[in-house]
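Here is my input; please provide its structure:
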Amino acid sequence: MLVSVLAGYFVELLTLFGIVLIHEFGHVAAAKSFGWRIREVRLLPFGGVAVTDDEGSAPAHEEIVVALAGPLQNAVMVGFACAMKATGVSDPAWWDYFLQSNLLIGLFNLLPIQPLDGGKMLKAVLSYLLAYHQTMVIVTATGMLLGLFIIALSLSPWHGQGVQLNLMLIGCFLVYANWQDYRNIPYLHMRFLMSRNERFLQWMARGTLAQPIVVSGRRKIADVMRMFMRERYHLIYVLNERGAIEGVFPEQRVIEAFFNRKPGSVVSELLT
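All right, here's what the predicted structure looks like:
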């Protein structure tokens, strides 16, 4: 930012700063409407990120709405810029810059890479189809691969302008951010499990269908919990070697056993 000011790009810097703030305020407003807790808004190389305490614990549809609220602000500003250009008010060159900046920030944030808005939406959509632990692994792995692709793109000769340093820095940041998320998957999964009781109360209030999980008694409790889906309530069926049902447990009992029993405990221990 200091270099931009010294180089005479103060107006452009102020414009980008305002666009990023409006983009992030869209996320904050949507999150607040659902009662989410906002910890901070971070300014990053590609824009910003609203950091919340509810990621993974709130319903997936809420996370999709919150993620879309940012690019929606860019779409509104694009429409406003087009209207102002049509009226001929102010400098058309500035409105062109304002329009292009909104398109760049809005579309870039829709890429399916965490912590971009597209990455958050990808994780929310996948959580309807896959176990949450598996979803986190897929999304972070995808983010690292696409981040490496952006780095390779910055080094490629296709643009004929040498190394694109800004693009390389963004790619490096995205690889690092997703690597950190990958390393934190055990912690994030624990937080997800600890929020399940609140979701259970919501499901019970309106009624819900249970998603069965069928395992043998020799299966580790920790492995069973990695099968939990974000948008499903689970009943765990324990079968013996003949395929007969030995017991049926609600997911709360399995979670409680995981936190209260020794590591490596198996499901058959819940039968005693």
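
Break the chain down into its structural domains.
As assigned by automatic domain parsing, the chain contains the domains 1-129, 130-194, 195-271.

mind checking how far the residue nearest to Asn240 when sequence neighbours are not counted is from Val224?
Among residues not flanking Asn240 along the chain, Glu246 sits closest, at 5.2 Å (CB to CB, 6 or more residues apart in numbering). Glycine gets a C-beta too; all of them are placed from N, C-alpha and C. Note on Glu246: its distance to Val224, by CB to CB, to the nearest Å, is 14 Å.

who has more neighbours, those two?
Comparing Glu246 with Val224 by other CB atoms under 10 Å, the one with more neighbours is Val224, at 23 against 15.

Name the surrounding residues that touch the helix or strand hosting that one.
Following DSSP states H and E, one finds Val224 within helix 221-225. If you take CB atoms under 8 Å, 6 or more residues apart in numbering as the criterion, helix 221-225 is touched by 133, 189, 193, 213, 215, 236, 254-255, 257-258, 261, 263-267, 269-270.

next one: stretch 187-202
Defining contact as CB under 8 Å, 6+ apart, one finds that stretch 187-202 is touched by 56-57, 59, 132-133, 136, 181, 225-226, 228, 230, 233, 251-252, 255, 258.

Which strands border the helix or strand Gly247 falls within, and is each parallel or antiparallel?
Under the criterion of DSSP H and E, Gly247 resides in strand 245-250. Using DSSP bridges, the strands paired with strand 245-250 are strand 233-239 (antiparallel).

Count the neighbours of Leu14 for me.
Number of residues near Leu14 (other CB under 10 Å) recorded here: 13.

now the helix or strand hosting Met77: mean pLDDT?
For Met77, the element it lies in under DSSP H and E is helix 60-87. Averaged across helix 60-87, pLDDT comes to 91.

which strands and helices sit next to it?
Here helix 60-87 touches helix 10-33, helix 92-108, helix 117-126, going by 3 or more CB pairs under 8 Å, 6 or more residues apart in numbering; DSSP states H and E.

of all those helices, which lies closest to Val78?
Among the helices and strands packed on helix 60-87, the nearest to Val78 by CB to CB is helix 92-108 (4.9 Å).

and the closest one, what other elements does it pack with?
helix 10-33, helix 60-87.

Dump those helices to CSV, plus distance to Gly106.
Output for the helices and strands packed on helix 92-108, formatted as CSV (distance: least, CB to CB, whole Å):
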stretch, distance to Gly106
helix 10-33, 8
helix 60-87, 3
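
burial of Leu129, as a residue count?
10.

Okay, buried residues for stretch 26-33 please.
For stretch 26-33, burial by neighbour count (16 or more other CB atoms under 10 Å) applies to Gly26, His27, Val28, Ala30, Ala31.

Looking at these, which is nearest Leu165?
Closest to Leu165 out of the buried residues of stretch 26-33 is His27 (27.9 Å), distances taken as CB to CB.

helix/strand/coil for the closest residue to the closest one other than its chain neighbours?
Distance criterion CB to CB, 6+ apart; nearest residue to His27, sequence neighbours excluded, is Ala50 at 4.2 Å. Following DSSP: H, G, I helix; E, B strand; the rest coil, Ala50 is assigned to strand.

measure Ala50 to Leu14 for me?
For Ala50, the distance to Leu14 (CB to CB) stands at 21 Å.

Would you mind confirming that Met229 makes contact with Gln134?
No - assessed by CB atoms under 8 Å, Met229 is found out of contact with Gln134, at 9.2 Å.

Give me the more crowded residue out of those two.
Using other CB under 10 Å, the more surrounded residue of Met229 and Gln134 is Met229, with 19 against 15.

Now the buried members of the contacts of helix 221-225.
Buried members of the contacts of helix 221-225, counted by 16+ other CB under 10 Å: 133, 189, 193, 213, 215, 236, 254-255, 257-258, 266-267, 270.
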